[in-house]
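[1] task: produce atomic coordinates for the following.
(one chain, ligands or ions: 2)
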Amino acid sequence: MSDKNLTAILYEKDDLRLEDLPVPEPGQGEVLLEMKEVGICGSDVHYWTHGRIGDFVVKAPMILGHEASAVVSKLGPGVTNLKEGDRVAIEPGVPCRLCNYCKSGRYNLCLDMKFCATPPYHGNLARYYVHAADFCFKLPDHVSFEEGALLEPLSVGVHATNRAGVGLGNTVLVCGAGPIGLVNILTAKAKGASLICVTDIDESRLKVAKEIGADFAIKVTSGDPQVVAQAIEEAVGDKVDITIECSGAAKSIQTAVYATKSGGVVVLVGLGQDLVEVPVVNAGVREVDIRGIFRYVNCYPTALAMVASGRVNVKPLITHRFKLEEAVKAFEAAKRGEGIKVMISCGRK
Ligand code: NAD
Ligand code: ZN
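    Ligands and ions are numbered 1, 2, ... in the order given. I've put the predicted structure just below:
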């Protein structure tokens, strides 16, 4: 079998296959990309194990992958911002550019968003892939392809800390120390947080969180959110200015409210159950603002600048490396949840 454009396709739940597909042609404003590194995200694993995330259902075979970097291999008509051979990070969501959300600068809320590996749109876990040229960001030579791929989760941290308004001297609680909690620790620290406390139920994840800069790590053992909030307050010496909830666990969302100072902000990043009981009176009378975030908007340039300048180091997040040929093995490792970030290298070895 030829493997010129080896591609990881999810046919349905539990059915991930590697197939050689035709190399696509870039259209107007698009570039053909020779894929380099693709990180596996919790959502890729969830589509593989469940065939759906909420209302997004895999109804037709879908190529997985959306945390990616590549080399520009061919320009489509009209492309002027890139040239062949450029090394790029790929922002995976391409909005319509025409609606009011897009025009007002909040394109992450666009109802016509085409986001890699969110049904019905294909991802880029393949040797070749076509993407909008204006959603490719040129990497300086000293920024690796792995770092380029990690700009995707890092952008979630940039957006969440933007929405939270993290600034100099703030105390920040990050709930959940998965990849998304960790990028929030990195960005909150880079934005000048004076103290970062992290929670998780998993000791090994807390250990990584401390290694990358969390000041306090609290293992959640109690099922009572007020008890957990009390433990956080005792460790920090006060309630925190800002909480960034990155677990999606209902109890943790409750803890987030109780642990935050009056007048503070809780940002909900974690996506769990649809309906969750939240102490709204407690939040309301203490003017704790609860804000959602959806992915990121205009965050890639910031994420790239932070990595390129050395202000943020995402490298410690990578714990596993596989080749594209070993994609199923890579997904199994990600599913076991033993490390942090699993990377797949798409080049022919
Ligand atoms: P993950 O599953 O690897 O990490 C979640 C962490 O939370 C785990 O380490 C887990 O042990 C911990 N946890 C579970 N229960 C807890 C509790 N009660 N208290 C504290 N910690 C607890 O997932 P991830 O890839 O890091 O993503 C985190 C969340 O962010 C997911 O829900 C994901 O869907 C969501 N997400 C949202 C957006 C967005 O745009 N809003 C973007 C990316 C990811
Ligand atoms: Zn739009």
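
[2] C-alpha only now, for contacts and for neighbours.
    Will do.

[3] just the pLDDT for Phe145.
    As predicted, Phe145 sits at a pLDDT of 98.

[4] surely it meets Asp86?
    No: counting by C-alpha atoms under 8 Å, Phe145 does not reach Asp86; the two are 11.6 Å apart.

[5] so between these two, which is more surrounded?
    Ranked by neighbour count (other C-alpha atoms under 10 Å), Phe145 and Asp86 place Phe145 first, with 23 against 17.

[6] for the more buried one, give me its contacts.
    Lys36, Glu37, Ser69, Ala70, Arg87, Val88, Ala89 (C-alpha atoms under 8 Å, 6 or more residues apart in numbering).

[7] next, count neighbours for Gly337.
    13.

[8] so for it, what's the pLDDT?
    For Gly337, the model assigns a pLDDT of 90.

[9] how about the helices in the stretch 151-300 of the chain?
    In the stretch 151-300 of the chain, the helices defined using DSSP state H, counting those that start in this stretch lie at 179-190, 203-211, 225-236, 250-259, 280-285, 300-308.

[10] out of these, flag the one nearest Leu151.
    Between Leu151 and these, the tightest spacing by C-alpha to C-alpha is seen for helix 300-308, at 5.9 Å.

[11] now that closest one against helix 179-190, angle please.
    70 degrees (axes from the mean of the first three to the mean of the last three C-alpha atoms, to 10 degrees).

[12] following helix 300-308, which helix or strand comes up?
    Counting by DSSP states H and E, the next helix or strand C-terminal to helix 300-308 is strand 318-323.

[13] contacts for that following strand next, please.
    Residues from elsewhere that reach strand 318-323 (C-alpha under 8 Å, 6+ apart): Lys329, Ala330, Gly339, Ile340, Lys341, Val342, Met343, Ile344, Ser345, Cys346, Gly347.

[14] show the pLDDT at Arg348.
    The confidence metric pLDDT takes the value 81 at Arg348.

[15] same check on Pro95?
    If you check Pro95, the pLDDT there is 98.

[16] returning to that earlier point: quick one: which of the contacts of Phe145 is nearest ligand 2?
    Nearest to ligand 2 among those, counting by C-alpha to the ion, is Ala89 at 21.7 Å.

[17] grab the nearest non-local neighbour of the closest one.
    Ser69 (4.3 Å; C-alpha to C-alpha, 6 or more residues apart in numbering).

[18] one step back: could you rank the contacts of Phe145 by neighbour count and give me the top one?
    Ser69 (34 neighbours).

[19] and that residue, helix, strand or coil?
    Under DSSP: H, G, I helix; E, B strand; the rest coil, Ser69 falls in the strand class.

[20] so is stretch 252-270 next to ligand 1?
    Yes: residues of stretch 252-270 contacting ligand 1 under C-alpha under 6 Å from any ligand atom: Ser252, Val269, Gly270.

[21] now these as TSV including pLDDT, neighbour count and distance to Tyr300?
    Shown next, in TSV, are those (pLDDT from 0 to 100; neighbours: other C-alpha atoms under 10 Å; distance: C-alpha to C-alpha, whole Å):
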residue	pLDDT	neighbour count	distance to Tyr300
Ser252	98	25	28
Val269	98	25	18
Gly270	98	21	20
